[in-house]
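*Asks:* 3D model of this:
(3 chains)
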Amino acid sequence: MEGRILTEDFYRSEDVLQVARALLGKLLVTKMDGVRTSGIITEVEAYRAPDDRACHAYGNRCTARTEVMFRAGGCAYIYLCYGMHHLFNVVTGPEGMAHAVLVRAVEPLEGVEEMLRRRGKKKVQPQLTTGPGVLSQALGLHKDMSGENLLSGERVWIEDIGRKITEHEMGVSPRIGVDYAGESALWPWRFFIRGSKWVKR
DNA sequence: CACCGGATTGGCT
DNA sequence: GCCAATCCGGTGT
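*Replies:* Residues are numbered from 1 along each chain as shown, chains lettered A, B, ... in the order given. Here you go, the predicted structure:
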């Protein structure tokens, strides 16, 4: 399964909601120590400074951690959540706009043995790659890779494998786990492939 | 199956 | 010091 690596044009759109929807059905790929692992993106959420209270860069607050989000689209923002989970985001938009898409789940495709090993599992089940923390673990994504370039095809990138998700196949809901964010918590910025077993219900 | 608490670290006030 | 874009295992129904 070889697709075309997504380029700048895809990531630098100013419309992060559009990019989030377009990421469904794309293939998230990592290559670590020569081992390729990948999964089809089934669930995402958009985050958008400055107006979105759930976004780490709310109010365009730029810190050592969030600085990556202000870069031009096409790099990874990976941060530590609850002290132990590494959450992978795609930075989008032009330089200076802190927009990002959190990848919440994938359907495993390549390197399943390696993903099972990294997760300490024996069987391929939804819990292997469904959930933002576990998918990062399965693909070997770590916060130390925050800022990694997604355009060069070195360690982590995203491919178009010709899969199109129609409006009918797409589910929409408010984002998960952002209750603290006031009104922003209600915005319908989570997108997923309806009926996929690789999406938590 | 629903509910609940503990894990564990670092970012920010 | 407080709490977070989560996960897992235990308990009770």
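*Asks:* can you list the residues of chain A near DNA strand B?
*Replies:* A:56, A:61, A:63, A:64, A:65, A:66, A:79, A:80, A:82, A:83, A:84 (Cβ under 7 Å from any atom of the strand). In short, each C-beta sits where N, CA and C put it, glycine included.
*Asks:* following the longest strand seen in chain A, which helix or strand comes up?
*Replies:* Scanning chain A for the strand with the most residues, using DSSP state E, yields strand A:35-48. Sequence-wise, the next helix or strand downstream of strand A:35-48 (DSSP states H and E) is strand A:76-81.
*Asks:* Apply the buried test to the residues of chain A next to DNA strand B and list what passes.
*Replies:* A:56, A:66, A:79 (16 or more other Cβ atoms under 10 Å).
*Asks:* Quick one, grab the pLDDT at the last one.
*Replies:* Note for residue A:79: predicted pLDDT of 98.
*Asks:* and residue A:32, what are its bridge partners?
*Replies:* residue A:35 (DSSP bridges).
*Asks:* What is the neighbour count of it?
*Replies:* 17 (other Cβ atoms under 10 Å).
*Asks:* cool, residue A:151 as well?
*Replies:* Neighbours of residue A:151 (other Cβ under 10 Å): 17.
*Asks:* still on that earlier bit, for the longest strand of chain A, name the packing helices and strands.
*Replies:* helix A:16-23, strand A:27-32, strand A:99-110, helix A:112-119, helix A:132-139, strand A:190-193 (3 or more Cβ pairs under 8 Å, 6 or more residues apart in numbering; DSSP states H and E).
*Asks:* Give me the distance from it to the chain's centre.
*Replies:* Relative to its chain's centre, strand A:35-48 lies at 4 Å (Cα atoms, centre = their mean, to the nearest Å).
*Asks:* Now that strand: buried residues?
*Replies:* Per 16+ other Cβ under 10 Å, strand A:35-48 contains these buried residues: A:37, A:38, A:39, A:40, A:41, A:42, A:43, A:44, A:45, A:46, A:47, A:48.
*Asks:* Who are the contact partners of the first one?
*Replies:* Okay, so that is residue A:37. Applying Cβ atoms under 8 Å, 6 or more residues apart in numbering to residue A:37 gives the contacts A:29, A:30, A:31, A:110, A:111, A:112, A:114, A:115, A:138, A:139, A:140.
*Asks:* how far away is the closest residue to the fifth one other than its chain neighbours from residue A:26?
*Replies:* Going back to what we said before, that points to residue A:111. Once flanking residues are discounted, residue A:111 sits nearest to residue A:37: 3.2 Å by Cβ to Cβ, 6 or more residues apart in numbering. Distance, residue A:37 to residue A:26, by Cβ to Cβ, to the nearest Å: 15 Å.
*Asks:* list the contacts for the spatially most central residue of chain A?
*Replies:* Using Cα atoms, centre = their mean, the residue of chain A that lies closest to the mean C-alpha position is residue A:103, 2.3 Å off. If you count contacts by Cβ under 8 Å, 6+ apart, residue A:103 has them with A:23, A:28, A:41, A:43, A:44, A:88, A:89, A:90, A:132, A:135.
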